[in-house]
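Sequence below, structure please.
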Amino acid sequence: MQPYVIWDPRVSAKFPNLAICIGTIDDVQIEKENEQIKRLRASVYEEVKSKYDVETLKNNATVRAYRDFYWKLNVDPTKTRPSGEALLRRVLHGDALPQISPVVDAYNLASMKTIIPISGFDKDSLQPPLHVRFAENEEPFAGIGLDKTLALTDRTLVLADEKQVLCIYPYRDSDKTKITKQTKNLMIIGYGAPKIPEEQLNDAVKTTLSYITQVTSGKIGTIKVFNSTPK
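Predicted structure coming up:
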């Protein structure tokens with residue numbers, strides 16, 4: 001399945017040059033905790049703690065770009081933080097990230113390091129093409145970690161396939177397409193914001209795929225950036 005993205009004209013008009021980057025990796029093995037993820041976790045924790053300070057993090061250019069974007073999406077970023085920033089703040093406060101599986105933990109570490117919101121999906125559960133659009137009023141969404149299904153509004157920006165919403169852009173993924181023990185093939189998505197260069201998105205997805213191959217088997221496939229404004 002070659003990734004392909006359709007941008008709703010309303011999204012393109014409101015957010016010109018908004019971009020996402022999609023990468024794929026096949027034939028992975030979803031294992032329990034292993035030595036490779038332990039070493040990677042320790043290394044990335046040490047790196048981000050030496051590079052960032054929680055008190056000044058809000059002034060970081062990447063953090064600022066996503067926060068500004070959130071306000072335009074009618075989301076308060078001080079209450080619902082962009083996922084990359086949320087993960088980074090957690091570690092800077094001295095807490096550990098959730099340990100789910102080496103693969104999921106690897107893409108969370110990449111999101112934390114790059115401060116780019118990143119999703120990981122079971123590629124075989126998706127029905128392409130993908131769409132970046134606004135939700136329909138009352139459109140249902142079952143997010144990971146939620147006790148009940150949400151009813152979205154038409155102001156909610158989402159990533160969807162032909163069947164369902166995959167992510168509330170860019171901070172909560174669907175429970176129905178998440179990576180599980182049975183997952184073999186993955187799709188990794190890095191979500192952009194205005195003022196985030198395409199190269200930065202591409203590097204974040206490359207980092208993610210590299211981390212995954214460090215902790216498990218897998219064959220990296222395509223990596224491609226999709227922009228809301230044709231060039």
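
ok, the residue lying closest to Ile196 once chain neighbours are set aside - contacts?
Sequence neighbours aside, Ala65 is the residue nearest to Ile196 in space, at 5.3 Å (criterion: Cβ to Cβ, 6 or more residues apart in numbering). Backbone N, C-alpha and C define where each C-beta goes, glycine included. The neighbourhood of Ala65, defined by Cβ atoms under 8 Å, 6 or more residues apart in numbering, consists of 193-196.

Low-confidence bits of this protein, can you list those?
Scanning the chain for pLDDT under 70 picks out 1-2, 231.

Strands along that one, start to end?
Listed in chain order, the strands of the chain (DSSP state E) span 5-7, 19-26, 118-122, 130-134, 140-141, 150-151, 157-160, 165-168, 172-173, 186-191, 219-227.

nearest to Arg41, of those strands?
strand 118-122 (16.0 Å; Cβ to Cβ).

Bridging across strands, which residues link to Ser174?
Beta bridges link Ser174 to Gly143 when assigned by DSSP bridges.

and it, how many neighbours does it have?
Residues within reach of Ser174, counting by other Cβ atoms under 10 Å, total 23.

Distance of it relative to Gly120?
From Ser174 across to Gly120, the span is 11 Å (Cβ to Cβ, to the nearest Å).

One more: Lys163?
Counting by Cβ to Cβ, the gap from Lys163 to Gly120 is 18 Å.

more crowded one of the two?
Gly120 (25 against 11).

Contact partners for the nearest residue to the more buried one once chain neighbours are set aside?
In space, not counting the residues next to it along the chain, Gly120 is nearest to Tyr107; the distance is 4.7 Å by Cβ to Cβ, 6+ apart. Contacts here follow Cβ under 8 Å, 6+ apart; on that basis Tyr107 touches 118, 120, 188, 208, 211-212.

Considering those, which possesses the most neighbours?
Compared across the contacts of Tyr107, Thr208 has the highest neighbour count, 30 neighbours, by other Cβ under 10 Å.
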